[in-house]
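[1] Make a model of this:
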Amino acid sequence: MNTLTDKAVIRRQMRMWRQTLAPDWVVEHGRRIQAQVERLREWAEARTVCCYLAMGGEVPTRELIRACQAEGKRVWVPAWREAEARYGLALWREDVALCPGLGGVLEPVDPQWSPGEPVEVVGVPGVAFDRNGGRLGHGRGHYDQLLAAPALRGAFKLGLAFESQVLDQVPMDRHDVPMDGVVTEQSDYRCVKPK
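    The predicted structure is shown next:
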């Protein structure tokens, strides 16, 4: 089987698994994951972070983002830049109005775009992850492109996942950006990238 086929099979299986998740289960396990993230040294020490706004079946992030703001961290969220056909970073504030963007992902209605300041830690969603930093997204490459941007290039890349999303191995291509860690409701995986 080639890599694209492997990825398609994993995506299909994970989407089917996500459809079985009860909303209460997602909330409960999501709280555990967010609490784990807050205890991480990289997250605790960061002054500037980026985190996604969760969609159905993804690890919730709203409490984590609120905690960041309460601690005085600067928080950026991914938002679609229509004119450039790519994601950029928009400033998050609790009072900002949100609307569905590309694929229904929530984003600020009137984004205040990042001037390119470096982000220290970025919370990353995914369809599946592995313990070596492998990440499988939805297949459009938008997140890999965002993670390769100058502002995020040096950031600690942290996958947020339910334990069932962590596989033995996720197929990776050259353009796929690996994670530095993955946090689940059960574990904090520090990724050792193969040389």
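[2] If you count contacts, what does the longest strand belonging to the chain end up packed against?
    Secondary structure of the chain read by DSSP state E shows that its longest strand is strand 74-81. If you count contacts as 3 or more Cβ pairs under 8 Å, 6 or more residues apart in numbering; DSSP states H and E, strand 74-81 packs onto strand 48-51, helix 62-70, strand 86-91, strand 106-108. Any C-beta I mention is one placed from the backbone N, CA and C, and that applies to glycine too.
[3] Can I get the second one in CSV? Just the C-alpha atoms.
    In CSV, the C-alpha atoms belonging to helix 62-70 read as follows (Å, rounded to 0.1, in the frame of the first residue of the first chain):
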residue,chain,number,x,y,z
ARG,A,62,-11.8,26.8,25.0
GLU,A,63,-10.9,26.3,28.7
LEU,A,64,-7.2,26.1,27.8
ILE,A,65,-7.4,29.3,25.8
ARG,A,66,-9.3,31.1,28.6
ALA,A,67,-6.6,30.0,31.2
CYS,A,68,-3.9,31.4,28.9
GLN,A,69,-5.6,34.7,28.8
ALA,A,70,-6.1,34.7,32.6
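[4] for it, which positions count as buried?
    Buried residues in helix 62-70, counting neighbours by 16 or more other Cβ atoms under 10 Å, are found at 64-65, 67-68.
[5] before we move on, what about the third one?
    Along strand 86-91, these residues count as buried under the neighbour rule (16+ other Cβ under 10 Å): 87-90.
[6] Who are the contact partners of residue 92?
    51, 65, 69, 75-77, 108 (Cβ atoms under 8 Å, 6 or more residues apart in numbering).
[7] Recalculate using a threshold of 10 Å.
    By Cβ atoms under 10 Å, 6 or more residues apart in numbering, residue 92 lies in contact with 49-51, 53, 65-66, 68-69, 73-77, 79, 98, 107-108, 111-112.
[8] will you turn the buried residues of helix 62-70 into JSON lines that also has pLDDT?
    As requested, those are exported to JSON lines (pLDDT from 0 to 100):
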{"residue": "64", "pLDDT": "95"}
{"residue": "65", "pLDDT": "95"}
{"residue": "67", "pLDDT": "94"}
{"residue": "68", "pLDDT": "94"}
